[in-house]
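Novice: Mind folding the following:
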Amino acid sequence: MMSIWSAIRERWQAETDGAGLAVVRIAVATSILVEMLDLAISDAVTELIVEPQVTLSYALFTWLGKPQGLMPYVLVWVLMGLALAVVVGWRTRWTAGLLLLGYAYWFLVDAANYSDHGYLVCLFLGLVTWLPTNRWASADAYLGRENRTTVPGWSVELLRTQMLIVYFFFGLALLNRDWLIGAPLIAWVETEAESNVLASLFAGRPAFTIALAWLMPILFMAIGPLLYWRRTRVAALLAITLFQIFDQLTFQLSISPLLMAVTNLIFVEPAKIRQLGNWLASWPGRLPFSKLVWNAICRLGWIADACVSWFDDTPLLGSKSTSPQLKSKSTTPTAPNKAVPALVLAHAPAPQWAIAAWLIIQIWLPIRYLTLEAQPDWSDLATTFAWRGQHRDKQCDLKLFVIQPSQELEWPLDPTDEFPVPMAIFYTEGRLAELGLSEGLLKDLIAGPESTLADRIQGMNLPEGEVQRILNCYRSTVALRLAGHQYEQLVQRPELIRQYAHRIAAVLSRQLGEQVQVQADLQIKLNHRPPEPLFKDRTKIDLVLVKNVFELSSKMMKSKEALPEPALRIANAKEWAEQRRIELEQNFDIVSPKRPPAQGEPVKLPAISDADERWFQEKYGSL
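Specialist: Predicted coordinates for the structure are as follows:
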């Protein structure tokens, strides 16, 4: 046992070649570059950031505001430029830090855009900014700003540990009964078999599919020891990489399979990575005009470098000094020096505490669901930042209601409609009759073209003050409209429903002058079970009064329905896939198992029972 700990200590304290860190830097920055380029080409920026009226937030980042005007488009292009700079390793600490700030803002600005891939990229970017990732294959090394080629062993081990944490907790999430008996993997295989050649290899072979379902958690949870044991390292590296490529081409179940497949190279001996890199770098030189293109790129790089060199070379205090080491362009790895990192770890507690804090947070976040009563796969509470991947089929049907206590009315809401809240909620029945209005007439007044607004007002013979009130109410409620992708996330994550309910109550209470209640009826089909309600009794749960995720968890039921037979699960999965295809072909905004109910007339709340009336009088009658 002591020899194992000694070997681990030696790994963390010894210096090693910096080629492995450089591979992670290039892979992560390239991933961001491709992602931003795709956003710019597809104009998804408009759909994700510009058009949504509501931004759902994370608990600690409610203060973040959405970028306005042209800023979202500018941000995408700025991130592309910074990502390119990090790929080539130009001014790496500055550009990686700025890229981290920009991408983290993009990731955090709307909780409806959450993905495990985005979170992983943020973590990798944080490590790329912190660790010396520019000591190989970088403009910094080529221009002489960085002449060292070795890095502290702990920097490489920290990155490896981060990757193993991702692998382990994804494998742990697969250890549930539904997954191990092939649900929903069998249904996914049969659904995708017609359009995916690799998936068709498992179609009609449930035994093979179940074997794959068992193999995945075993592989992901055991991959750490297998990669560190020299005898199994090559086989384990090939197995995990080949599986991730297969996953990328089929179901995309694991966390960022393509990015993780590339960053697996961090487990390869750095000297071999350097040899492979040098061999690959020799190929472009054989192409026509390659030398001319290379010289032009270098010239542009030198010009850009000279433009910003003042910021790096001019100290805040004192005179400028030039270190002779910065002029060296040596690409030969320096001799390993075990004393320097040992001193750093022994006498500088800041890195030790930073590493410990980083690892504690990374271990705590995936298991924080243990502090809640609700089942994570059923409730989706505490499943973000937890590396759970795609391992269950969950379909949801959400109905939202606003309770107006003064009139004892229950109003249905439609978060994706042009009118998320019925306009008639702002009037009593008598006032509507007095003005000769109805829900339909109110919508016609507002929804028509601006050019004919005066004619519509004249035709309805409404006072100017009343028209202004209607328009003000509309402007306040239209800000509650959700985009299609936001609604998809909302129905899956009850914490977002709670947050949205608070937003609804704030807007309506301000307009109505009274505190309203917001209730939700959320029906869930987990792995094609019959639908079950998530909340115990929605008529007794006012989401406005639910202050945090712990209270929300206490109001949830557990799934009790038995898992259907495989044939029924497959039939349901195919039906759902066909419904998705039709909705996408018809350009529906919403992809959900059931579209929200059409807004109808308000429902009168049921009268209180005699028993409840007696209890109320006994408890509160003397107040």
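
Novice: domain parsing for the chain?
Specialist: Domain ranges of the chain: 1-18+150-313+331-387, 21-148, 393-421+480-617, per automatic domain parsing.

Novice: from the ones you listed, which stretch is densest packed?
Specialist: Greatest average neighbour count among the domains of the chain goes to domain 21-148 (a mean of 19), per mean count of other C-beta atoms under 10 Å. All C-beta atoms are positioned from the backbone trio N, CA, C, and that covers glycine.

Novice: how far does that domain sit from the chain's center?
Specialist: Offset of domain 21-148 from its chain centre (C-alpha atoms, centre = their mean, to the nearest Å): 14 Å.

Novice: With stretch 137-149 instead?
Specialist: For stretch 137-149, the distance to the chain centre is 34 Å (C-alpha atoms, centre = their mean).

Novice: picking that back up, minimum distance to S438: which of the domains of the chain has it?
Specialist: Closest of those to S438 is domain 393-421+480-617, at 10.0 Å (criterion: C-beta to C-beta).

Novice: How is A236 assigned, secondary-structure-wise?
Specialist: helix (DSSP: H, G, I helix; E, B strand; the rest coil).

Novice: E450: which of the domains of the chain is closest?
Specialist: Minimum separation from E450 across those (C-beta to C-beta) falls at domain 393-421+480-617, 14.9 Å.

Novice: pLDDT score assigned to the residue lying closest to L543 once chain neighbours are set aside?
Specialist: Distances taken as C-beta to C-beta, 6 or more residues apart in numbering place A501 nearest to L543, at 3.7 Å, with adjacent residues excluded. pLDDT for A501: 95.

Novice: What helix or strand is A501 located in?
Specialist: helix 494-512 (DSSP states H and E).

Novice: other SSEs contacting that helix?
Specialist: strand 394-404, helix 464-478, helix 484-492, strand 517-526, helix 549-554 (3 or more C-beta pairs under 8 Å, 6 or more residues apart in numbering; DSSP states H and E).

Novice: How far off centre is that helix?
Specialist: That offset, for helix 494-512, works out to 23 Å (C-alpha atoms, centre = their mean).

Novice: Now do that helix and strand 394-404, the angle between them.
Specialist: Comparing the axes of helix 494-512 and strand 394-404 via axes from the mean of the first three to the mean of the last three C-alpha atoms, to 10 degrees yields an angle of 20 degrees.

Novice: so where's the protein shaky on pLDDT?
Specialist: Applying pLDDT under 70 to the chain flags the ranges 1-4, 285-286, 289-290, 294, 308-350, 580-581, 583-623.

Novice: where do the strands sit along it?
Specialist: For the chain, the strands defined by DSSP state E occupy 15-17, 150-152, 394-404, 409-413, 517-526, 532-533, 603-604.

Novice: Tell me which of those lies nearest to L292.
Specialist: Of these, the one closest to L292 (C-beta to C-beta) turns out to be strand 15-17, at 32.1 Å.

Novice: Pull up the pairing partners for the closest one, direction included.
Specialist: When pairs are called by DSSP bridges, strand 15-17 turns out to pair with strand 150-152 (antiparallel).

Novice: How about F208: what's its closest non-neighbour residue?
Specialist: Per C-beta to C-beta, 6+ apart, closest to F208 is F202, 5.2 Å.

Novice: if I pick the one you found, what's in contact with it?
Specialist: Applying C-beta atoms under 8 Å, 6 or more residues apart in numbering, one finds that F202 lies in contact with V189, A193, F208, T209, L212.

Novice: From N196, how far off is it?
Specialist: Separation of F202 from N196 (C-beta to C-beta, to the nearest Å): 10 Å.

Novice: do the same with I367
Specialist: Distance of I367 to N196, given as C-beta to C-beta: 34 Å.

Novice: Over to V121?
Specialist: 26 Å.

Novice: and what of P366?
Specialist: 30 Å.

Novice: check contacts around Q489.
Specialist: Contacts of Q489 were listed using C-beta under 8 Å, 6+ apart, and they are L56, A111, A112, Y114, L496.

Novice: Dump those residues to JSON lines, plus distance to A479.
Specialist: JSON lines is the format used below for the contacts of Q489 (distance: C-beta to C-beta, whole Å):
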{"residue": "L56", "distance to A479": "13"}
{"residue": "A111", "distance to A479": "17"}
{"residue": "A112", "distance to A479": "15"}
{"residue": "Y114", "distance to A479": "22"}
{"residue": "L496", "distance to A479": "17"}
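
Novice: so of those, which ones are in helices?
Specialist: Among the contacts of Q489, the members falling in helices (DSSP state H) are L496.

Novice: Go through the contacts of Q489 and say which is closest to V478.
Specialist: Among the contacts of Q489, and counting by C-beta to C-beta, the member closest to V478 is L56, at 16.7 Å.

Novice: check contacts around that closest one.
Specialist: Contact analysis of L56 by C-beta under 8 Å, 6+ apart lists D110, A111, A112, Q486, Q489, L490, L496, Q499, Y500.

Novice: wouldn't the third one be in contact with L490 here?
Specialist: Read it as A112. Yes - counting by C-beta atoms under 8 Å, A112 touches L490, with 7.1 Å between them.

Novice: Spit out the residues that contact the two alike.
Specialist: Listed as contacting both A112 and L490 by C-beta under 8 Å, 6+ apart are L56, L496.

Novice: ok, the residue nearest to L441 when sequence neighbours are not counted to C473 distance?
Specialist: In space, and not counting its chain neighbours, L441 is closest to M460: 6.8 Å by C-beta to C-beta, 6+ apart. Distance, M460 to C473, using C-beta to C-beta: 16 Å.

Novice: Give me the more crowded residue out of these two.
Specialist: Between M460 and C473, C473 has the larger neighbour count (other C-beta atoms under 10 Å), namely 21 against 16.

Novice: Kindly provide the distance from that one to W364.
Specialist: From C473 over to W364 (counting by C-beta to C-beta), the distance is 45 Å.

Novice: Same question for L370.
Specialist: Look at L370 and W364: by C-beta to C-beta, they are 10 Å apart.

Novice: Also L442?
Specialist: To W364, L442 is 50 Å away according to C-beta to C-beta.

Novice: L563 too?
Specialist: From L563 to W364 the distance is 31 Å (C-beta to C-beta).

Novice: Same question for G204.
Specialist: For G204, the distance to W364 - C-beta to C-beta - is 43 Å.

Novice: what's the answer for V189, then?
Specialist: 35 Å.

Novice: Same check on I541?
Specialist: Separation of I541 from W364 (C-beta to C-beta): 29 Å.

Novice: so who does G171 touch?
Specialist: M216, P217, I218, L219, F220, M221, I223.

Novice: Quick check: chain neighbours aside, which residue is closest to it?
Specialist: Nearest to G171 is F220, by C-beta to C-beta, 6+ apart, at 3.1 Å.

Novice: How about L480?
Specialist: Closest to L480 by C-beta to C-beta, 6+ apart is P420, at 4.5 Å.
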